[in-house]
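Engineer: Give the three-dimensional model of this entry:
(2 chains)
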Amino acid sequence: MNNVTQTDNREEVRSRSMEALTPEIVAHIERCAADEHSESHLIGVLHKVQSHFGYLGREQMDAVAQLLRVPTAKVTGVATFYHFFRLEPRGRFVINVCLGTACYVKGAERIADRLREELGIQFGETTKDGMFSLEATRCLGTCGLAPVVMVEDKVFGDMTPDQVPALLEKHVKIWEEEKKAR
Amino acid sequence: MSDMKMINLMIDGNEVKVPENTTIMDAAELTLGIRIPRLCYHPDLSMQGSCRVCIVQVKGIPYYMASCSVNVWEGMEVQTNSPEIQQARRDIVELLLDNHPRECLTCERDGNCELQNIAYATGVRERLFEGERKRFPRETDSIAVNRNQEKCILCGRCVRTCAEVQGVFNLSQQGRGFTTEVAPAHGARMDDSVCIQCGQCINACPTAAITEHTFTDDVWRALADPKKHVVVQTAPAIRATIGEGFGLEPGTPSTGKLVTALRRLGFDRVFDTNFAADLTIVEEATELLHRFEGEGPLPLLTSCSPGWVNFLEKFYPELIPYASSCRSPMSMMSSLLKTWYAQKSGIDPKDIFVVAVMPCTAKKYESRREEFISADGIPQTDAVITTRELIWMIRNYGINFAGLPDGEFDSPLGESSGAGDIFGTTGGVMEAALRMAVEKLTGSSPEELEFTEVRAVEGLRERELKVNDDITLRVGVANGLTNAKQLLDAVVNREKEFHIIEIMACPGGCIGGGGQPYPPRGYRIFDKRLLAKRASALYEIDKGKKLRSSNHNPAIRQLYDEYLGEPGSDKAHELLHTHYEAKLPRGIR
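Structural biologist: Numbers count the residues shown, from 1 in each chain, chains lettered A, B, ... in the order given. Okay, here's the model as predicted:
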């Protein structure tokens, strides 16, 4: 190997991959990659990436592929197969409207209509200012509070369409305070 | 055989006996000669069981079973062809057709389409199910391989071929449900992916969901242009396969008819890429001998398969220094056509239009590599067409290929040794190189010119060849990149030492290339019987030649005397050698 020049791009690809993720996620992937069936960790790794970034960006998926050594086509195949994975950035607040049976019977559709109207977006979309994303979800397991809306991890029960503007306003205020703090 | 457990079962009322672990599909074919229709199944690929075309009825089982993926059991009673199962199969095919464009008449695979054949065989005579059809934009601008997902039936044969045969894993099903498509990561164009352009996915596809980027229009235009001097070169493997396009028995050597057909199409000169294959050997064997003396690293990796070169650059860039710097025979030839030949014949290189007939889709990509584009922006190889495209051109022109008299290549770029011919099959480049290298190492021609032990028909071979008491050559030969990975990993990890490794991207070598004719009826892709027949045509041509070593080709000597000087000279390096570099996206191996 003495007169062999360096033609490898492994380190370059590797460092670019590490930059696209956080040190903590990289360390997690490296632990997974050492496993005999490392590819079986793919979904778990993608969950971790999404919970940090809010979505799976192209650079992040490429990085997962390189570091976990799973073909990139497989990574994007899995990411596009499952509804839970998002390929676009989400808003600051993700609003999940439960359309499970109990909520549906108790008028979830009308709450959804009101949210669509107030926000000017459809399910799966994000407001232009990046503040809200609107999602439909199935049963959240809080049927006693039906109909429910979940914003981030917080459940709001016994919702009526008229409560929608106040719910939104509350989060706009949080957003504005966050802005000031920055 | 005696200790193999046998299973007794009934198929269509016949008592049969087959070894355990035989599938219902194989049992029906092996014992009764019943070929159950199939689409997603391929014996060389992993099991998918998704198309459901091969369903049968099994007594006591309340649902239809996919015969490709269920093993027989003792006392099983199978019905392959009741009215009920025939109707169910027909419905399944009809449902596939319902979501498929009604474009058979204008489809590139009309007549070669497995879906079409199965629709006929299963008795679909009208289309009863009318529903929404999936819509996808068609990819048309990748240089070698393009996708048309509206024709995809999601059988996954291309996905499995890319991953399992080639170790590339560029394709996967993306999305879900009705909008699922087979695509590279991120749904990227083939040219922007880790695709190595080998075209095996085209061969594996039962329909026309993946096809080559065709250049026949460019060729017709050049032929019709009186200002253009249109020359053609044909790769070693074309003569072994083109006859299949005209009903000739696979393995029929068709060199003479091929030359005549090309003249009838109107090419001004018909040259043989084999000439450049001989030239490649002279340059590459010289390179090997230099490396033997310590000038450069061993093993020497051959570099004439452009699919393999792409794989090297994307998957094993650290091995680039080991690759031979020799251009492929096609690119050597094109380079000479626009220099030496142009000069000799007094034609402005700008007026020469070089067409290359190749068994290969990756050659289309190679022809557009920036290293092979002249300063004025004109590629040295103007158009690359595959064997399939040439077959179509000959048909389009109305030429009766089978009835053509034999013609001869033009001189001097049409003269070649038998060593050039065998380039088209696995082990051929190695064998050709050995014919010359052994002579140079020992000072005399080898007594036995046929190095049959390097013919890696099973896909992968490692051999030690004793040249004389002092020299033993350690060689590796692989075709299909999953096989090649084993040799490459051994080199990367320094587990094994080789002097020379020949790698062909496609199974069987160029005779199994991504641009070769779709298998005739009775054969399938990767079919060892078909590959053996095609290879035998090349060995037959080689045997029939007086001239069998590249370095004894007088036309090659003339080229060095008149133009290049010595093998490995500066001029030779300028015109016949190249360089490689790591390419992105990097493949995961």
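Engineer: Up against chain A, what does chain B have?
Structural biologist: B:163, B:169-176, B:183-187, B:193-194, B:296-297, B:317-318, B:320-322, B:580-582, B:584-589 (Cβ under 8 Å from any Cβ of the partner chain). No exception for glycine: its C-beta is placed from N, CA and C like everyone else's.
Engineer: So how do I select the buried members of these in PyMOL?
Structural biologist: Listed next is the PyMOL selection for buried residues among the residues of chain B next to chain A, using 16 or more other Cβ atoms under 10 Å in any protein chain shown:
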select buried, chain B and resi 163+169+170+171+172+173+174+175+183+184+185+186+187+193+194+296+297+317+318+320+321+322+580+582+585+586+587+588+589
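Engineer: Tell me which of the residues of chain B next to chain A fall in helices.
Structural biologist: Among those, DSSP state H puts none in helices.
Engineer: Which ones among the residues of chain B next to chain A map onto strands?
Structural biologist: B:172-174, B:183 (DSSP state E).
Engineer: Just want the residue of the stretch 451-589 of chain B that's nearest chain A.
Structural biologist: The minimum distance from the stretch 451-589 of chain B to chain A, using Cβ to the nearest Cβ, falls at B:Ala582 (4.0 Å).
Engineer: Report the contact partners of the spatially closest residue to that residue that is not a sequence neighbour.
Structural biologist: Spatial nearest neighbour of B:Ala582, excluding adjacent residues (Cβ to Cβ, 6 or more residues apart in numbering or on different chains): B:Pro317 at 3.5 Å. Applying Cβ atoms under 8 Å, 6 or more residues apart in numbering or on different chains, one finds that B:Pro317 lies in contact with A:7-10, B:581-583, B:586.
Engineer: Next one: B:Phe292 from chain A, what distance?
Structural biologist: 14 Å (Cβ to the nearest Cβ, to the nearest Å).
Engineer: residue contacts, that residue?
Structural biologist: Residues near B:Phe292 by Cβ under 8 Å, 6+ apart: B:298, B:441, B:499.
Engineer: Quick one: distance of the helix or strand hosting the second one to the chain centre.
Structural biologist: Under the criterion DSSP states H and E, the helix or strand holding B:Leu441 is helix B:428-442. Relative to its chain's centre, helix B:428-442 lies at 25 Å (Cα atoms, centre = their mean, to the nearest Å).
Engineer: Which elements pack onto that helix?
Structural biologist: Helices and strands touching helix B:428-442, by 3 or more Cβ pairs under 8 Å, 6 or more residues apart in numbering or on different chains; DSSP states H and E, are helix B:273-292, helix B:418-421, strand B:472-479, strand B:500-504.
Engineer: Which one of the contacts of B:Pro317 is nearest to B:Leu413?
Structural biologist: Among the contacts of B:Pro317, B:Glu581 lies closest to B:Leu413 (Cβ to Cβ), at 29.9 Å.
Engineer: Could you give the separation of stretch B:111-120 from the chain centroid?
Structural biologist: With Cα atoms, centre = their mean as the basis, stretch B:111-120 stands 22 Å off its chain's centre.
Engineer: I misspoke; the intended subject was stretch A:80-89.
Structural biologist: 7 Å.
Engineer: Return that stretch as PDB; C-alpha atoms alone will do.
Structural biologist: Provided in PDB are the C-alpha atoms of stretch A:80-89 (Å, rounded to 0.1, in the frame of the first residue of the first chain):
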ATOM      1  CA  THR A  80     -42.300   6.900   3.600                       C
ATOM      2  CA  PHE A  81     -44.200   3.700   4.500                       C
ATOM      3  CA  TYR A  82     -45.200   4.600   8.100                       C
ATOM      4  CA  HIS A  83     -47.700   7.400   8.600                       C
ATOM      5  CA  PHE A  84     -46.000   8.400  11.800                       C
ATOM      6  CA  PHE A  85     -42.800   9.500  10.100                       C
ATOM      7  CA  ARG A  86     -42.800  13.000   8.700                       C
ATOM      8  CA  LEU A  87     -40.600  14.200   5.900                       C
ATOM      9  CA  GLU A  88     -41.400  17.900   6.200                       C
ATOM     10  CA  PRO A  89     -40.700  20.100   9.200                       C
END
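Engineer: Could you pull out the buried residues of it?
Structural biologist: Buried residues in stretch A:80-89 (16+ other Cβ under 10 Å): A:80-81, A:85-86.
Engineer: Widest-spaced pair of those?
Structural biologist: Among the buried residues of stretch A:80-89, the pair separated by the greatest distance (Cβ to Cβ) is A:Phe81 and A:Arg86, at 12.8 Å.
Engineer: Next, the contact list for residue 38, please.
Structural biologist: No chain specified, so I'll use chain A. Counting by Cβ under 8 Å, 6+ apart, A:Ser38 makes contact with A:32, A:68-70.
Engineer: Oops, wrong one, chain B.
Structural biologist: Going by Cβ under 8 Å, 6+ apart, B:Arg38 touches B:25, B:51, B:53-54, B:68.
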